[in-house]
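# no sequence on this one, just coordinates:
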Ligand SMILES: Nc1ncnc2c1ncn2[C@@H]1O[C@H](COP(=O)(O)OP(=O)(O)OP(=O)(O)O)[C@@H](O)[C@H]1O
């Protein structure tokens, strides 16, 4: 449905040209939720804004349903943009308009008759759960409610694609969950294709089907979310997954772990930090206690989580293993031979 073909975007920066996006090619299928993750400055916003030509790429093509967005004249582009809704981190609502009037705005701009607008807006407010708040102004509703207005407004023209630029970054974790659930529901009920950018792996894990990781303007890795989580190929991806662990560990524990790993790096310690990822059968075997017996290691479990990603149980454990290098290497082989994906996180946390 969406083909991004060799897209590059160069800006004229104050200190010379900035290559914000470099030769990105991706295919996004109809009806999927596709996540793009990367650190600040990786080029995510620039890339997603090329999809509706808010940024016109310096090179490459964007095809949506086979139509080349880069080749459209102004009128055709205006029409094509109605098929692409967008939501933003800071909601971008008009403060002088009520909830209902904000949602109606794109329809007014499209020249729709008042009665038709009313018919369209009612169900949208219902869909996002804001019927009761429809006559309030943005200043009178919560952040989560503002994003619901943003979503209803983005859906007003019945788009085929919804672009989400860090839509949950300004929200607390519980509100984030409820907005992500709403996006999931809209995706299923309306068959809408969603392209979502975020710097949080939690967001990707919660709603996306497939994902791409960006770094310094390039896509460095892409694939099914569960595959990327199970076996990240790139150091940047591993670091983004590692962030989840360091964010959830108590600060004191994190500092002690870092001190131990620094000792190991200096040649004076025996501790190594690993992340074990299990799916399916690996989950219920007593592999850790087996490895303790066989290889004489000590394990200290720092963080464990079982999630469901795309309907599959997926477990991950962060473990501090202490032992001689040869025993640790054998233990890693042992885990791998039982289908557990093992990564060393020493440089990540
Ligand atoms: N209009 C512009 N003019 C010049 N440079 C730009 C422009 N827009 C973005 N950039 C630069 O392009 C690079 C990528 O920015 P972009 O906003 O796409 O990254 P991002 O991954 O979305 O990061 P963030 O999450 O911080 O927005 C950055 O170095 C940024 O400074």
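On my side now, so go ahead. Please read these numbers as outputs of a predicted model, since none were measured by experiment.
# other SSEs contacting the helix or strand containing residue 219?
Using DSSP states H and E, residue 219 sits in strand 218-224. The contact analysis (3 or more Cβ pairs under 8 Å, 6 or more residues apart in numbering; DSSP states H and E) places strand 218-224 against strand 16-28, strand 210-215, helix 235-248. From N, CA and C alone the C-beta is placed, and that goes for glycine too.
# Tell me how many other residues crowd the residue of the stretch 51-200 of the chain found nearest the ligand.
Closest approach between the stretch 51-200 of the chain and the ligand, counting by Cβ to the nearest ligand atom: residue 199, at 5.8 Å. The number of residues packed near residue 199 is 16, by other Cβ atoms under 10 Å.
# distance of it from residue 150?
From residue 199 across to residue 150, the span is 19 Å (Cβ to Cβ, to the nearest Å).
# and the stretch 51-200 of the chain, which of its residues are near the ligand?
Within reach of the ligand by Cβ under 6 Å from any ligand atom, the stretch 51-200 of the chain has these residues: residue 199.
# can we see that at 8 Å?
By the rule Cβ under 8 Å from any ligand atom, the part of the stretch 51-200 of the chain lying against the ligand is 55, 165, 166, 197, 199.
# Of these, which is the most crowded?
Using other Cβ under 10 Å as the neighbour test, these are led by residue 197, with 27 neighbours.
# which other residues reach the helix or strand harbouring that residue?
In this assignment (DSSP H and E), residue 197 forms part of strand 193-198. For strand 193-198, the external contacting residues (Cβ atoms under 8 Å, 6 or more residues apart in numbering) are 1-2, 28-37, 44-45, 47-48, 51, 160-169, 183, 186-187, 203-204, 207-208.
# Please enumerate the strands of the chain.
Using DSSP state E, the strands found in the chain span residues 2-13, 16-28, 33-38, 59-64, 67-68, 84-88, 161-165, 193-198, 210-215, 218-224, 271-279, 298-309, 312-322, 341-344.
# Counting by contacts, list what the worst-scoring helix or strand of the chain on mean pLDDT packs against.
When the helices and strands of the chain are scored by mean pLDDT, DSSP states H and E, helix 235-248 comes last with a mean of 81. Applying 3+ Cβ pairs under 8 Å, 6+ apart, we find helix 235-248 packed against helix 201-207, strand 210-215, strand 218-224, strand 271-279, strand 298-309.
# Report the strands that pair with the third one, each with its relative direction.
Each strand paired with strand 218-224, and its direction, by DSSP bridges: strand 210-215 (antiparallel).
# Just the mean pLDDT for the strand holding residue 219, thanks.
For strand 218-224, the mean pLDDT works out to 96.
# Okay, buried residues for that strand please.
Buried residues in strand 218-224, counted by 16 or more other Cβ atoms under 10 Å: 218, 219, 220, 221, 222, 223.
# any idea how far the fourth one is from residue 227?
As judged by Cβ to Cβ, residue 221 and residue 227 stand 10 Å apart.
# Overlap of the contact sets of these two?
Overlap of the contact sets of residue 221 and residue 227 (by Cβ under 8 Å, 6+ apart) is empty.
# coming back round to it: same list (the residues of the stretch 51-200 of the chain next to the ligand) but as TSV, adding pLDDT and distance to residue 93.
Formatted as TSV, those follow (pLDDT from 0 to 100; distance: Cβ to Cβ, whole Å):
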residue	pLDDT	distance to residue 93
55	92	23
165	95	15
166	94	16
197	96	20
199	91	23
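# I'd like the residues you listed as CSV, with distance to residue 254 appended.
Shown next, in CSV, are those (distance: Cβ to Cβ, whole Å):
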residue, distance to residue 254
55, 38
165, 30
166, 26
197, 27
199, 20
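# which of these lies closest to residue 304?
Of all these, residue 199 has the smallest distance to residue 304: 23.9 Å, by Cβ to Cβ.
# list the buried ones in stretch 4-22?
4, 5, 7, 8, 9, 19, 20, 21, 22.
# wait, what's in contact with residue 160?
Neighbouring residues of residue 160 by Cβ under 8 Å, 6+ apart: 1, 30, 64, 65, 83, 84, 192, 193.
# Could I have the buried ones of these as PyMOL selection syntax?
Restricted to buried positions by 16+ other Cβ under 10 Å, the PyMOL selection for the contacts of residue 160 reads:
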select buried, resi 1+64+84+192+193
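# will you turn the contacts of residue 160 into CSV that also has distance to residue 257?
Shown next, in CSV, are the contacts of residue 160 (distance: Cβ to Cβ, whole Å):
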residue, distance to residue 257
1, 44
30, 44
64, 46
65, 49
83, 49
84, 45
192, 42
193, 41
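# okay if I get the contacts of residue 160 as TSV plus distance to residue 91 and pLDDT?
Output for the contacts of residue 160, formatted as TSV (distance: Cβ to Cβ, whole Å; pLDDT from 0 to 100):
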residue	distance to residue 91	pLDDT
1	27	92
30	27	96
64	25	94
65	28	92
83	22	93
84	18	95
192	19	96
193	22	97
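# Closest one of the contacts of residue 160 to residue 133?
Distances from residue 133 to the contacts of residue 160, taken by Cβ to Cβ, are shortest for residue 192, at 23.1 Å.
# Now for the closest one: which residues touch it?
Neighbouring residues of residue 192 by Cβ under 8 Å, 6+ apart: 31, 155, 159, 160, 161, 162, 186.
# Thank you, goodbye.
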